[in-house]
Every structure is written in C-alpha cells, then in structure tokens.
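*Asks:* sequence and predicted structure below; questions after.
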Amino acid sequence: MVCRIHCAAITGIDVLPVCVETDISNGLPSFDMVGLLSSDIKESRERVRTAIKNSGFLLPPKRITINFSPGNIRKTGTYFDLPVAVSILYALGVLQKSVEDKMFVGELSLDGRVVPVNGILPIVLHAAEKGIRQCFVPKENAGECRWVQTVQVIGIENLNQLVMLLETEQREFTEFIAMQFRETDEDVSESRDFKNIKGQVQARRAAEIAAAGMHNLLLMGPPGTGKTMIAKAAATILPDMSKEETIEISKIQSIAGNLKGNLANQRPFRNPHHTATVVAFTGGGKNPAPGELTLAHGGILYMDEFLEFSRGVMEALRQPLEDREIVISRAGGTFRFPADFLLLGSMNPCRCGYYPDRNKCNCTEQEVKKYLEKISGPILDRIDLCVHMNPVSFWDIRDEQEQESSDEIRKRVNRAVSIQRERYQKEKFCYNSQLQGNFIEKYCHLKKNEENLIREVYEKMELSVRAYEKILKVARTIADLKEQENITTKELAEAVGYRVAQGRGIV
C-alpha cells in the first residue's frame with residue numbers, strides 16, 4: 001500500500017509543493033529515503049523510527065521505502081519529520097481517515113513530541129493557495145498562522161495527539177490551542193525616544209523625512225554627537241505597516257526563525273557588525289538563505305561605522321538599493337530575495353573622527369581624502385539624505401525645554417504615508433522613494449519657478465540624473481509632511497541641502 005502525504009519545501013524564500021510517498025512491503029528490513037535529500041533529512045530516519053516506537057506504535061521489520069516527490073527539487077530542513085511519520089502510520093493501517101486535503105509540517109523529538117520549525121507561515125499560505133483545508137503544525141508555531149481564514153491551522157504537541165485528532169476529528173482541543181496566543185506589542189525603550197535627544201535639529205528633521213518616504217540616510221560627524229542615538233530612535237518613528245507589508249515581513253522573519261508565535265508587529269531593525277561578510281549581507285550558502293539585506297526588508301538596515309565595512313559589502317548594496325531585490329545565482333539555480341529597506345548609515349569624517357577640528361584632528365588632507373574614498377561615488381549617489389552632525393553644545397545639553405517625542409513625530413509620518421498610499425493606490429508602489437522613470441515627472445511636477453531653481457542647481461552642482469531624481473523625491477516627501485499638494489521652492493531648497501556631504505565637498 002502506498003500512502004501520499006502533502007507537505008512543502010522552502011527554497012530561498014519560495015515554497016514548493018512536496019508529496020511524501022511511503023511504501024511498506026515484505027523483504028529484508030530496511031528504511032530507505034529517496035528524492036534528492038540533504039543530509040539533515042536523511043538523519044531524520046532514526047528520529048522518526050524512534051518517535052513512532054516511543055509513541056506506542058509497532059514498527060514491523062519490513063522494507064520501508066519513502067519517496068519525496070518531485071525528485072528534481074533539493075529538499076532540506078527538519079520539517080519533514082511529521083509527514084514522514086504520518087505516511088508510515090497510514091501505510092501500516094494505524095490511520096485510515098482521508099488526508100487528501102491535509103498538510104503536515106513539523107520536527108519530531110525521540111519521545112514523539114512535535115518540535116517547532118522555521119517557515120511555517122509561508123508554508124500555510126502556500127497550502128491555502130493549493131486548496132488545502134487543514135494544516136497540522138507544531139503548537140508553538142500555530143500562533144503566527146491563526147489569522148489565515150481559508151485554512152484551519154491545528155497546533156500539535158505530540159504524535160499521539162495527532163493520531164487522536166485524525167481518527168476522532170475532535171475540534172474542541174483545536175479551538176483551545178488557538179486561544180492561547182495573544183499579540184503582545186513590545187514596549188519602546190525610553191532611551192530610544194526622540195524626546196531624549198538634545199540638539200541636532202537637522203539630523204532629527206532628516207530622520208523624519210527618511211521615515212516618511214523610506215529614503216536612505218547617511219549621518220556624518222565626530223564621535224559622541226548622537227549618530228547612533230538618532231539611528232536607533234528612527235526605528236520608533238517608522239510608519240505603521242499595512243496588512244500586505246505585515247504578511248510579507250512576517251514570511252521572511254518566519255523563514256529566519258525570528259517570529260515568536262505571532263505575526264511581526266514591528267518593522268525590522270537590523271544592525272550588523274562591520275566585520276560581517278558579503279554572504280552574511282546578501283544571503284547564500286549551499287542552500288541559499290536570506291541575508292541581512294533581506295531580513296531588513298520593510299524596515300531599517302543600520303550600518304554603524306559605515307566606512308569600516310569591507311569594500312565588497314558596500315558595493316553589494318548597489319543592486320538592492322536600486323532594484324529593491326537581490327539576485328543570487330548558484331549552480332543549483334537563481335534565487336531572488338526581496339531587499340526593500342531604508343539604509344541608515346553613520347560615519348566619522350576621518351580616521352580619528354574629528355576632522356575638520358584641527359585642535360583634535362591630526363589627519364593630513366591626503367589621509368582624510370583616502371578615508372572618505374572608501375565610499376564610492378555610485379553608493380553615495382544612491383543615498384537620498386546626507387547630514388553632517390556637529391558636537392552638541394553645553395547649552396543644548398542643559399536646555400530644559402521638552403523635545404518632541406517619537407509618538408508626535410510618528411503621527412506626522414503616518415499622515416504623510418497615508419497621503420502617499422492614497423496617491424499611489426493604482427500603482428505597484430506606495431512610497432516616494434520608490435518612484436522611478438515617468439512616475440517622477442508625473443507625481444513630482446514642478447511649476448516654472450521651481451523648474452528654474454532645480455535646473456540651476458543641476459548645472460552648478462553637476463548632479464547625476466539619479467541625484468536629480470532623488471532631490472525631487474525628497475522634496476515630494478517634505479511637501480507631504482506639510483500636507484501640501486504641490487512642491488514649492490522651499491521644499492526643493494531643503495532637499496538640495498541634504499545632498500551636500502560636508503567635509504568631502506561632493507554630492
């Protein structure tokens with residue numbers, strides 16, 4: 001008797017259907033698994049055999065053959081343990097009810113417990129597309145899928161409980177499991193609130209513009225000026241996620257194992273160390289997995305000490321900053337990972353960090369130039385906003401006037417984002433930073449005075465086309481923050497001011 005069980009394989013961030021077929025026949029006792037399997041799936045043979053035995057089921061000394069179809073897709077991961085065990089129990093006749101509309105995902109421990117795995121959310125969404133009515137998953141993973149209406153997600157604690165549910169079709173226990181999960185919002189740390197940041201008016205303003213339009217931001221300045229504080233506080237003013245963004249971000253975080261039983265309730269904030277490799281950023285490996293660029297999708301990628309990252313890492317930012325995705329080509333195929341993030345970098349103006357203060361900086365002009373040349377022109381050209389932060393004065397520190405909080409700034413950001421989403425509701429994007437080609441002229445239309453100003457700036461500053469377009473997009477965001485329909489010379493002038501990298505003399 002051959003039994004077929006539905007499951008799925010994750011390749012990169014894509015989900016592919018897999019069918020586990022089991023045949024038990026007479027012959028020399030064996031347990032064979034075929035179908036282009038990775039070593040971690042082959043190792044599951046002993047886990048499944050022992051879990052079935054310790055759950056009280058007899059595994060006879062027969063020839064057991066298990067096939068993972070289709071055979072041309074490489075399977076990896078530990079979430080095939082449960083479908084393999086279920087297929088064996090059906091082939092033995094322990095289970096008899098139909099499983100045509102059911103999917104099983106989960107890892108087994110030696111005592112039969114079902115252990116949580118990564119990637120449950122995208123698998124359940126894939127099951128919904130394929131018309132699957134029930135998904136049996138580890139209990140700890142059930143919370144992240146409970147909002148899916150077209151599929152009944154059933155959390156399982158152990159193999160015995162699964163057999164009971166399949167044979168008796170009990171529903172009361174399932175409902176109890178679903179009620180255990182509650183969404184819990186993480187409290188924002190007081191130290192990350194903008195109200196605790198003294199001075200740095202221009203940097204605060206730039207962070208607000210960056211959050212409102214998802215524009216890339218680079219902060220320059222000597223040590224101790226608050227670059228890191230501004231960057232971390234920027235995460236508290238990001239706009240609320242739409243339903244589509246929540247699902248997309250949650251799918252990526254689920255594959256990475258970062259979901260804690262719920263959907264993502266905050267945009268990601270990734271802060272990799274400057275010693276991270278190119279593969280750590282872009283993703284990859286024998287079985288390509290998401291890197292930092294993909295894990296930051298929909299949120300912030302903060303690169304502290306920007307110029308201390310390797311040249312390869314910085315140049316790897318070129319494609320995702322332009323195309324908002326990263327393509328990894330391997331012998332086994334081509335993998336596309338989403339990488340639409342807000343790049344936020346901070347850097348010192350020289351090696352010692354104090355240029356142009358000659359009372360503290362001993363770097364020569366040649367050393368300063370060599371240090372700043374670590375960031376290439378194409379990368380700098382892809383950064384929308386650049387702010388030079390000066391040291392905070394004593395009177396700014398002692399100023400008792402209450403600063404604007406993150407909550408107040410976030411309200412303005414959300415209003416600006418609402419304007420953008422309404423404006424671009426018929427397009428395939430929703431933020432000003434995503435404007436490209438003809439859409440820039442369509443949505444960033446300028447009148448005669450503004451046209452003359454930007455032409456003069458373009459010629460005198462010798463801007464590239466990309467820099468010109470970024471000025472228009474930033475000006476569009478500034479106008480949205482003011483809830484203005486048209487871009488005026490004020491918004492253009494402010495946007496131009498953010499293109500000057502002080503201390504380097506280029507844009």
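*Replies:* That came through fine.
*Asks:* give me the number of residues near residue 167?
*Replies:* 12 (other CB atoms under 10 Å). Where you see a C-beta, it was placed from the backbone N, CA and C, and this is true even at glycine.
*Asks:* what do you get for residue 349?
*Replies:* With other CB under 10 Å as criterion, residue 349 counts 25.
*Asks:* hang on, it packs against residue 218?
*Replies:* No - assessed by CB atoms under 8 Å, residue 349 is found out of contact with residue 218, at 11.6 Å.
*Asks:* what is the burial count for the nearest residue to residue 101 once chain neighbours are set aside?
*Replies:* Nearest in space to residue 101, with sequence neighbours left out and distances taken as CB to CB, 6 or more residues apart in numbering, is residue 133 at 4.2 Å. Other residues within reach of residue 133 by the criterion other CB under 10 Å amount to 13.
*Asks:* OK, contacts around residue 133?
*Replies:* By CB atoms under 8 Å, 6 or more residues apart in numbering, residue 133 lies in contact with 101, 102, 151, 152.
*Asks:* is the last one in contact with residue 135, as I believe?
*Replies:* Yes - using CB under 8 Å, residue 152 is in contact with residue 135, at 7.3 Å.
*Asks:* more neighbours, these two?
*Replies:* residue 135 (27 against 17).
*Asks:* give me the next element, helix or strand, following the host helix or strand of that one.
*Replies:* In this assignment (DSSP states H and E), residue 135 forms part of strand 134-138. Following strand 134-138 in sequence order, the next helix or strand is strand 152-156 (DSSP H and E).
*Asks:* can you give me the mean pLDDT across that next one?
*Replies:* Per-residue pLDDT over strand 152-156 has a mean of 92.
*Asks:* mind listing what's buried in it?
*Replies:* Going by neighbour count (16 or more other CB atoms under 10 Å), the buried part of strand 152-156 is 152, 153, 154, 155, 156.
*Asks:* show me where the stretch 51-200 of the chain has its strands.
*Replies:* Secondary structure of the stretch 51-200 of the chain (DSSP state E, counting those that start in this stretch): strands located at 63-69, 102-104, 107-108, 114-115, 134-138, 152-156.
*Asks:* sorry, back to before: backbone torsions only: list them for the residue nearest to residue 101.
*Replies:* Note on residue 133: its backbone torsions stand at phi -90, psi -30 [degrees, to the nearest 10].
*Asks:* ditto for residue 359
*Replies:* Here residue 359 shows phi and psi, under degrees, to the nearest 10, equal to phi -70, psi -20.
*Asks:* mind pulling up the pLDDT for it?
*Replies:* The model's pLDDT for residue 359 equals 87.
*Asks:* check the one 4 residues further on too.
*Replies:* Per-residue confidence for residue 363 comes out at a pLDDT of 91.
*Asks:* which stretches of this structure have low pLDDT?
*Replies:* The chain contains residues with pLDDT under 70 at 1, 169-191, 332, 500-507.
*Asks:* make it 50
*Replies:* Applying pLDDT under 50 to the chain picks out residues 172-188, 501-507.
*Asks:* need the strands for the stretch 201-350 of the chain, in chain order.
*Replies:* Using DSSP E, counting those that start in this stretch, strands in the stretch 201-350 of the chain cover 217-220, 269-270, 283-284, 289-290, 300-303, 325-330, 333-338, 342-347.
*Asks:* may I see those arranged in JSON lines, with mean neighbour count and distance to residue 85 as well?
*Replies:* Below are the strands of the stretch 201-350 of the chain laid out as JSON lines (neighbours: other CB atoms under 10 Å; distance: least, CB to CB, whole Å):
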{"stretch": "strand 217-220", "mean neighbour count": "25", "distance to residue 85": "51"}
{"stretch": "strand 269-270", "mean neighbour count": "18", "distance to residue 85": "37"}
{"stretch": "strand 283-284", "mean neighbour count": "21", "distance to residue 85": "31"}
{"stretch": "strand 289-290", "mean neighbour count": "22", "distance to residue 85": "26"}
{"stretch": "strand 300-303", "mean neighbour count": "24", "distance to residue 85": "40"}
{"stretch": "strand 325-330", "mean neighbour count": "15", "distance to residue 85": "32"}
{"stretch": "strand 333-338", "mean neighbour count": "16", "distance to residue 85": "30"}
{"stretch": "strand 342-347", "mean neighbour count": "25", "distance to residue 85": "44"}
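*Asks:* which elements pack onto the longest strand seen in the chain?
*Replies:* As assigned by DSSP state E, the longest strand anywhere in the chain is strand 14-25. Packing partners of strand 14-25 (3 or more CB pairs under 8 Å, 6 or more residues apart in numbering; DSSP states H and E): strand 2-11, strand 63-69, helix 81-92, helix 120-129.
*Asks:* and the nearest residue to residue 31 once chain neighbours are set aside, bridged to which residues?
*Replies:* Excluding the flanking residues, the one nearest residue 31 by CB to CB, 6+ apart is residue 64, at 4.8 Å. Here residue 64 sits in beta bridges with residue 24, residue 31, going by DSSP bridges.
*Asks:* so residue 64 versus residue 80, what's the distance?
*Replies:* 15 Å (CB to CB, to the nearest Å).
*Asks:* so for these two, which sits in the more crowded spot?
*Replies:* Neighbour totals were compared for residue 64 and residue 80, and residue 80 leads with 31 against 25 (other CB under 10 Å).
*Asks:* so that one makes contact with residue 42?
*Replies:* No - using CB under 8 Å, residue 80 is not in contact with residue 42; the gap is 10.5 Å.
*Asks:* what does stretch 434-441 contact?
*Replies:* Stretch 434-441 is contacted from outside by 214, 324, 340, 427, 429, 443, 444, 469, 472, 473, 476, using CB under 8 Å, 6+ apart.
*Asks:* kindly recompute the last result at 7 Å.
*Replies:* Outside stretch 434-441, the residues that touch it by CB atoms under 7 Å, 6 or more residues apart in numbering are 443, 469, 472, 473.
*Asks:* how about that stretch: buried residues?
*Replies:* Under the neighbour-count rule (16+ other CB under 10 Å), stretch 434-441 has 434, 435, 440 buried.
*Asks:* hmm, residue 81 is touching residue 104, no?
*Replies:* No - in this structure residue 81 lies outside contact range of residue 104 using CB atoms under 7 Å: 9.4 Å.
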